[in-house]
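Q: structure for this input, please:
(one chain, ligands or ions: 1)
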Amino acid sequence: MKISEIVMATNNPNKLREAQEIFAPLGITVISQKEAGAIVEPEENGRTFAENALIKAHAVYDLLKCPVLADDSGLCVDALRGAPGVHSARYAPKGQECRKLLHAMQNVPEEQRTAKFVTVVAFLDVDGREILCEGVCPGAIGFAESGTNGFGYDPIFLYQGKSFAEFSSEEKNAVSHRGEALQKLYKILKERNLSYHADK
Ligand code: ITT
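A: Coordinates of the predicted model:
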C-alpha cells in the first residue's frame, strides 16, 4: 500500500497549509476534509492532545474510509501551569489570543516565561489502524507581539530570540512541533511501505 494522498481532518487552513508544505517534498498530497466532502466539526472533549486528535481523525474516517490525518495542538505555558494547553483554540476569540496571553503574563519575569508548542498527529490508514506521533517545540513567551507570518500564538512565541511570526514558513516547519510530529509520521509510513514491498 503506497500512500500518496491523505485527507486532513481540520477546519484550520493554516494547519492544512503547513502539513501540505511539509509533506509535498515527500511526495504526499494533503487535501482538506472539506475538499474531500467531509463536512464535520466534532466536539473536542478529550483530556489530552492525543484524545482530541483521534476524535477528529475518526470523525472524518467514519465518513470517507480513506487515509486521514488529524492534528491537535496547543501552547503550554509553564507560568500558567501548562495553560492554555488543550484549550488553546478556545482560550480567546480568534485574533485575540496573543493579547489575552500577554495580559495574563504581564507580571512574569523573562526567566519564568518558558513555554512549549505541542502537536499530536493521529493518522488512520485505509483500514482504520491508528498511528500517533508527538512533536514538541520549546521556546518562551515574548513581552509583545512581533511579526506577521504564521497564525495563532506565533507572534508571541519566541524561538531562539525571534518570534515564529518572524520566521518564513520553511524556517518554522523545519523546527516546529507540527514539523516534528509530521516527520515522525512520515518515517513510520515509509518504513511500513518498505516492509510491505519487501514482503512481496
Ligand atoms: P482543527 O481542530 O479544526 O484542526 P483548531 O484551530 O481548532 O483546528 P486545535 O483544536 O488543535 O485546532 O487548536 C490549536 C490552537 O493552538 C490553534 O487554534 C492555535 O491557536 C494554536 N496553535 C496550534 N499550533 C500553532 C502554531 O503552529 N502556531 C500558532 N498557534 C498554534
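Q: what about the nearest residue to residue 41 once chain neighbours are set aside, which SS state?
A: Distances taken as CB to CB, 6 or more residues apart in numbering put residue 11 closest to residue 41, at 6.0 Å, once the chain neighbours are dropped. Any C-beta I mention is one placed from the backbone N, CA and C, and that applies to glycine too. With DSSP: H, G, I helix; E, B strand; the rest coil as the basis, residue 11 sits in coil.
Q: number of nearby residues for residue 11?
A: 14 (other CB atoms under 10 Å).
Q: verify the stated contact: it with residue 34.
A: Yes - in terms of CB atoms under 8 Å, residue 11 counts as a neighbour of residue 34; the distance is 7.5 Å.
Q: give me the residue from the chain nearest the ligand.
A: Closest to the ligand within the chain is residue 152: 2.4 Å, counting by CB to the nearest ligand atom.
Q: list the contacts for that residue?
A: Contact analysis of residue 152 by CB atoms under 8 Å, 6 or more residues apart in numbering lists 14, 75, 88, 97.
Q: need phi/psi at the second one.
A: For residue 75, the backbone dihedrals (degrees, to the nearest 10) come out as phi -110, psi 130.
Q: now do the last one
A: Listed backbone geometry of residue 97 is phi -60, psi -40, with angles given as degrees, to the nearest 10.
Q: chain center to the helix or strand containing residue 55: distance?
A: Assignment of secondary structure by DSSP states H and E places residue 55 within helix 49-64. Chain-centre distance of helix 49-64: 14 Å, with CA atoms, centre = their mean, to the nearest Å.
Q: and stretch 174-191, by the same measure?
A: Centre-to-centre, stretch 174-191 and its host chain are 11 Å apart (CA atoms, centre = their mean).
Q: repeat for stretch 19-34
A: For stretch 19-34, the distance to the chain centre is 13 Å (CA atoms, centre = their mean).
Q: one more: stretch 184-192?
A: Distance of stretch 184-192 from its chain centroid, counting by CA atoms, centre = their mean, is 17 Å.
Q: can you give me the strands for the chain?
A: Applying DSSP state E to the chain gives strands spanning 5-8, 29-32, 68-77, 114-124, 130-141, 157-159, 162-163.
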